[in-house]
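Peer 1: just coords:
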Ligand code: NZQ
Ligand code: ZN
């Protein structure tokens, strides 16, 4: 196990009607004037936004609102949010929605207290200061409710990039699994896929002797394998949604990733797809992951064979561990397809002729040096091959 620092101070309020405590929580974490940030309207239609406002009013907390965050959130609304916060002297940003809304809120929170262009953070500058952020999560997926990360797309060139810093870890997150019952099945499935991707990105490591995190990841993957299909079958299954919601947080607050190198190849490859075609991040990952895994598996066959046996129930073929490894990847892919995720470029809406552009942006866009991947170092040529495997 490698040395690590881990600081994860988010307060979680989990369970039915937890959103009614929002006012108390904002007060507890020092908010006096709040920006309520939300997406395309699901929280208005469900009545959640009104309940949140009532809870703030009960505590005498004033607020301004900014809706309209799109999935794969854009820089334009972030600039608008920063201006609004400065004009209104906002001191707390409250995200009501999914990963996109939370990430846009984090970008605004960091941008308000920064003299330069907030995009600097999305070119590698670490975030050390931000307004406090709180979240009310409506979809189990990105894990942004407990993560120090934010992913934004710059509209001028559709560059989708991430920023990081403990300053943007939410001060609190309200997790009411019942809020996710209104999700369309496709979004639930995309979220399930993303959660599993966050686990795989950490499982693919070059660190040795990391039993505790290996076993945590396997436990969470087993939970997702069990609960994912149950939620797709019965969207009102509160208990399954509850398990998924907490697994989604644990998958990405990095308690499963400490002390080990991590991969993030599938995420980098996918982010180019969601930037260019505006597809749901989880759907892009469903097509990306099997291709990446098949391409890199020879680097450490036993790692793929291990997850195949421990999570996917495959029998270990000691003479041909590559057979077991491949069986595990195929079993994972079958589960993703069974919950409604796309299988290839065509079903995703991606085009083969765009592969050179995708690979170029991936490896050289926004100041990158031509190489990606924490598990196996991949060049632009490798990435083109992987995209071709997805066709
Ligand atoms: O915008 P509204 O109307 O709210 O609709 C949303 C949106 O259309 C809808 N939705 C959310 N909750 C709902 C609901 N509809 C009905 N009922 C509900 N309860 O679902 C759609 C997707 O929402 P979005 O916020 O985009 O989903 P998700 O949480 O998957 O976030 C995706 C974004 O997070 C980034 C992704 O790249 C993508 O941009 N990620 C962020 C990470 C982080 N900050 O740590 C890590 C991830 O790996 C990921 O990259
Ligand atoms: Zn993700």
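Peer 2: Arrived safely. Here the structure is a predicted model, which is why all the values come from computation and not from measurement. Residues are numbered from 1 along each chain as shown. Ligands and ions are numbered 1, 2, ... in the order given.
Peer 1: for the closest residue to residue 290 other than its chain neighbours, what are its contacts?
Peer 2: Nearest non-adjacent residue to residue 290, counting by C-beta to C-beta, 6 or more residues apart in numbering: residue 333, 4.4 Å away. (C-beta placed from N, C-alpha, C; glycine too.) Taking C-beta atoms under 8 Å, 6 or more residues apart in numbering as the criterion, residue 333 is in contact with 286, 289-290, 343.
Peer 1: which bits of the stretch 51-200 of the chain sit near ligand 1?
Peer 2: 71-72, 97-101, 103, 138-139, 141-144, 147, 149-151, 179-180, 182-183, 187, 191, 194 (C-beta under 6 Å from any ligand atom).
Peer 1: In strands only, show me the residues you listed.
Peer 2: 97, 149-151 (DSSP state E).
Peer 1: those helices in the stretch 151-300 of the chain, which residues are they?
Peer 2: Under the criterion DSSP state H, counting those that start in this stretch, helices of the stretch 151-300 of the chain are mapped to 185-203, 211-233, 238-252, 265-277, 281-296.
Peer 1: Could you save the contacts of residue 333 as TSV and add columns showing neighbour count, pLDDT and distance to ligand 1?
Peer 2: Putting the contacts of residue 333 into TSV (neighbours: other C-beta atoms under 10 Å; pLDDT from 0 to 100; distance: C-beta to the nearest ligand atom, whole Å) gives the following:
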residue	neighbour count	pLDDT	distance to ligand 1
286	30	98	13
289	25	99	12
290	22	98	17
343	15	98	20
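Peer 1: that older thread, which helix or which strand is home to the residue nearest to residue 290?
Peer 2: Per DSSP states H and E: residue 333 is located in helix 321-338.
Peer 1: Check which residues of that helix are buried.
Peer 2: 321, 323-329, 331-333, 335-336 (16 or more other C-beta atoms under 10 Å).
Peer 1: Which single one of the residues you listed is nearest to ligand 1?
Peer 2: residue 336 (14.9 Å; C-beta to the nearest ligand atom).
Peer 1: got the contact list for the closest one?
Peer 2: Residue 336 neighbours (C-beta under 8 Å, 6+ apart): 189, 193, 196, 286, 289.
Peer 1: Can you lay out the residues you listed as TSV showing distance to residue 316?
Peer 2: Formatted as TSV, the contacts of residue 336 follow (distance: C-beta to C-beta, whole Å):
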residue	distance to residue 316
189	30
193	26
196	22
286	26
289	22
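Peer 1: the domain parsing of this structure - what is it?
Peer 2: 11-179, 185-389 (automatic domain parsing).
Peer 1: Quick one: end-to-end length of the last one, please.
Peer 2: What that stands for is domain 185-389. 27 Å (C-alpha to C-alpha, to the nearest Å).
Peer 1: try stretch 84-100
Peer 2: End-to-end for stretch 84-100, by C-alpha to C-alpha: 19 Å.
Peer 1: List the buried residues in it.
Peer 2: Going by 16+ other C-beta under 10 Å, stretch 84-100 has these buried residues: 84-85, 90, 92-100.
Peer 1: With pLDDT added, can I get those residues in TSV?
Peer 2: Formatted as TSV, these follow (pLDDT from 0 to 100):
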residue	pLDDT
84	98
85	98
90	98
92	98
93	99
94	99
95	99
96	98
97	98
98	98
99	98
100	98
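Peer 1: just to revisit the earlier point, give me the buried subset of the residues of the stretch 51-200 of the chain next to ligand 1.
Peer 2: Of these, these count as buried by 16+ other C-beta under 10 Å: 71-72, 97-101, 103, 138-139, 141-144, 147, 149-151, 179-180, 182-183, 187, 191, 194.
Peer 1: could you list every residue that touches residue 199?
Peer 2: 217, 220-221, 224, 251, 256.
Peer 1: In those residues, which residue is surrounded by the most others?
Peer 2: Taking other C-beta atoms under 10 Å as the neighbour criterion, residue 251 ranks highest of those with 33 neighbours.
Peer 1: List the residues that contact that one.
Peer 2: 143, 195-196, 198-199, 220.
Peer 1: Going by distance to ligand 1, which of those wins?
Peer 2: Proximity of the contacts of residue 251 to ligand 1, judged by C-beta to the nearest ligand atom, is greatest for residue 143, which lies at 5.3 Å.
Peer 1: gap between the closest one and residue 191?
Peer 2: Per C-beta to C-beta, to the nearest Å, residue 143 is found 10 Å from residue 191.
Peer 1: list the residues that contact both of those two?
Peer 2: Looking at what touches both residue 143 and residue 191 (by C-beta under 8 Å, 6+ apart), the common residues are residue 248.
Peer 1: so residue 311 touches residue 335, yeah?
Peer 2: No - with contact defined as C-beta atoms under 8 Å, residue 311 does not reach residue 335; the gap is 10.3 Å.
Peer 1: Give me the pLDDT for residue 101.
Peer 2: Residue 101 carries a pLDDT score of 98 in this model.
Peer 1: ok, it touching residue 38?
Peer 2: Yes - if you go by C-beta under 8 Å, residue 101 and residue 38 touch, sitting 5.7 Å apart.
Peer 1: if we can go back for a sec, find the pair from the buried residues of helix 321-338 with maximum spatial separation.
Peer 2: 321 and 336 (23.1 Å; C-beta to C-beta).
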